[in-house]
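# Below: sequence and its predicted model.
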Amino acid sequence: MTKLQELNSKFEQIISDSYYRQSPSVLYHYTSWESAKSILSTKKFRFSAYDCTNDPAELESANEIIRTVANNVRQAFKDPIDMFIKHFEILKASKVIKIYLGCFSDQKNTDSQWMKYADQGKGLCLGINVLQEAPPEHDGVNCGLVRVEYSEEPLRKQVDVGFRTICQALSQSRLKNDEQAQKDALNAISRIAGFAAIGAKKPQWSAEKERRQVAIVRKGFLDKIVSMEKVSRGNRYIELPLRAGDKLISLNEIIIGHNNQDIESAKSRVQKILSDCGYSNGDAEFPKITVAPPIAQTDLVIASVAR
């Protein structure tokens with residue numbers, strides 16, 4: 001391994017350390033009956049183009065934090081922070097990479113999510129097991145699970161530590177004046193900033209406790225991936241499998257929304273969907289079927305007014 005390869009290996013580890021967080025064993029996805037059936041039958045999840053989500057500040061929420069941290073770090077390390085600051089507008093995630101997002105939550109039975117994403121509480125919530133197994137390979141796409149951060153201070157610390165550690169690795173290397181090493185360090189800093197942007201949302205979204213499966217299109221594959229895009233109600237998205245080898249999605253639980261549903265009929269309907277999609281009672285992928293508690297009246301009133 002060359003010195004440059006060793007340095008880049010350090011950079012990769014620093015990047016991983018900067019955004020990796022232990023995932024819970026189960027993640028929840030609130031959805032409609034129709035979408036749930038599509039997910040389970042195709043074994044694929046819908047990843048929306050980042051600019052088609054319901055947050056107008058998507059990928060932009062962390063920009064001021066990133067700029068502030070970069071200016072602070074610059075006092076100790078001018079290279080490659082100077083270049084990052086100078087070219088920030090063209091280096092930020094929303095400009096340089098194509099990103100699609102699959103959205104999940106740490107929390108089950110959150111009234112606001114039932115109302116927003118599960119057909120006003122008449123839909124389903126899929127509890128999906130997070131398995132320690134090799135992920136599927138997607139030609140031209142890298143995927144990773146990112147925890148969304150809603151508070152400024154933890155995000156600021158994450159970016160600061162990442163930037164400083166990359167700069168320290170470069171400054172302590174014999175290659176600190178090497179042009180390619182400096183470019184690689186700039187790329188690493190840009191990626192840390194990119195993950196921060198992907199994982200940042202304003203505090204008003206904090207009730208969602210979101211974990212997002214991020215699909216990043218690799219350079220040179222954009223045309224191919226865009227050709228896979230589908231459009232529904234103005235939302236551009238691609239569909240990707242959650243597991244390799246065409247395996248069934250591993251379900252821990254399916255929760256039936258309590259609002260305006262005949263529960264016994266709904267349970268039978270869930271059983272039918274599972275059977276039609278290849279699930280057998282007793283298999284590892286087969287879920288518990290439960291019912292959500294009634295949604296608080298205040299949320300029902302708010303939803304009624306919003307409609």
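The structure has been received and is ready for your questions.
# Which residues lie in contact with the residue nearest the centre of the chain in this structure?
The chain has R212 as the residue nearest its centroid, 1.9 Å off, counting by Cα atoms, centre = their mean. Going by Cβ atoms under 8 Å, 6 or more residues apart in numbering, R212 touches L101, G102, C103, F104, L145, V146, V148, I198, G199. Just so you know, the C-beta spots here come from the backbone N, C-alpha and C atoms, and that holds for glycine as well.
# Quick check: buried residues in whichever strand or helix holds it?
Following DSSP states H and E, the helix or strand that holds R212 is strand 210-217. Of the residues in strand 210-217, E210, R211, R212, Q213, V214, A215, I216, V217 count as buried by neighbour count, 16 or more other Cβ atoms under 10 Å.
# Could you pull out the strands in the stretch 101-250 of the chain for me?
Ranges of strands in the stretch 101-250 of the chain, per DSSP state E, counting those that start in this stretch, are 124-129, 141-147, 210-217, 230-232, 235-241.
# And the next helix or strand past the last one?
Counting by DSSP H and E, the element after strand 235-241 in chain order, helix or strand, is strand 251-256.
# what's downstream of that following strand, the next helix or strand?
Strand 251-256 is succeeded, C-terminally, by helix 263-276 (DSSP H and E).
# tilt between that following helix and strand 251-256?
Orientation of helix 263-276 against strand 251-256 (axes from the mean of the first three to the mean of the last three Cα atoms, to 10 degrees) gives an angle of 140 degrees.
# What angle do strand 124-129 and helix 263-276 make with each other?
Using the same axes, to 10 degrees, helix 263-276 lies at 50 degrees relative to strand 124-129.
# Restricting to C-alpha, output helix 263-276 in PDB.
Taking Å, rounded to 0.1, in the frame of the first residue of the first chain, the C-alpha atoms of helix 263-276 are listed here in PDB:
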ATOM      1  CA  ILE A 263     -60.100  -4.000  13.300                       C
ATOM      2  CA  GLU A 264     -61.000  -7.600  12.700                       C
ATOM      3  CA  SER A 265     -61.500  -7.100   9.000                       C
ATOM      4  CA  ALA A 266     -58.200  -5.200   8.900                       C
ATOM      5  CA  LYS A 267     -56.300  -8.100  10.600                       C
ATOM      6  CA  SER A 268     -57.700 -10.500   8.000                       C
ATOM      7  CA  ARG A 269     -56.700  -8.200   5.300                       C
ATOM      8  CA  VAL A 270     -53.100  -8.000   6.600                       C
ATOM      9  CA  GLN A 271     -52.900 -11.800   6.800                       C
ATOM     10  CA  LYS A 272     -54.100 -12.000   3.200                       C
ATOM     11  CA  ILE A 273     -51.400  -9.500   2.000                       C
ATOM     12  CA  LEU A 274     -48.700 -11.400   3.900                       C
ATOM     13  CA  SER A 275     -49.800 -14.700   2.400                       C
ATOM     14  CA  ASP A 276     -50.000 -13.200  -1.100                       C
END
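# From the rest of the structure, what touches stretch 164-183?
With contacts defined as Cβ under 8 Å, 6+ apart, stretch 164-183 is touched by 3-4, 7, 10-11, 14, 17-18, 73, 76-77, 79-81, 83, 185, 188-189, 192.
# let's go with 10 Å and repeat that
Applying Cβ atoms under 10 Å, 6 or more residues apart in numbering, the contact partners of stretch 164-183 are 2-4, 6-8, 10-11, 13-15, 17-18, 69, 72-74, 76-81, 83, 184-189, 191-192.
# Could you do stretch 135-142 as well?
With Cβ under 10 Å, 6+ apart, stretch 135-142 has contacts from 43-44, 47, 97-98, 100, 143-145, 213-225, 228, 238, 240-247.
# quick one: contacts for K157?
V69 are the contacts of K157 under Cβ under 10 Å, 6+ apart.
# Could you report the separation of it from D262?
50 Å (Cβ to Cβ, to the nearest Å).
# ok, now L175?
68 Å.
# who's more crowded, those two?
A direct count of neighbours by other Cβ atoms under 10 Å for L175 and D262 places L175 higher, at 17 against 9.
# Leaving out sequence neighbours, find the closest residue to the more buried one.
A181 (3.9 Å; Cβ to Cβ, 6 or more residues apart in numbering).
# Could you count how many residues lie near the one you found?
A181 - counted by other Cβ under 10 Å - has 22 other residues nearby.
# now the one 4 residues further on
Around A185 sit 28 other residues, with neighbours defined as other Cβ under 10 Å.
# Please determine how far the residue sitting furthest away from the middle of the chain is located from A181.
Residue farthest from the centre of the chain, counting by Cα atoms, centre = their mean, is R174 at 36.7 Å. With distances taken as Cβ to Cβ, R174 is found 9 Å from A181.
# what do you get for A49?
Counting by Cβ to Cβ - A49 and A181 are separated by 34 Å.
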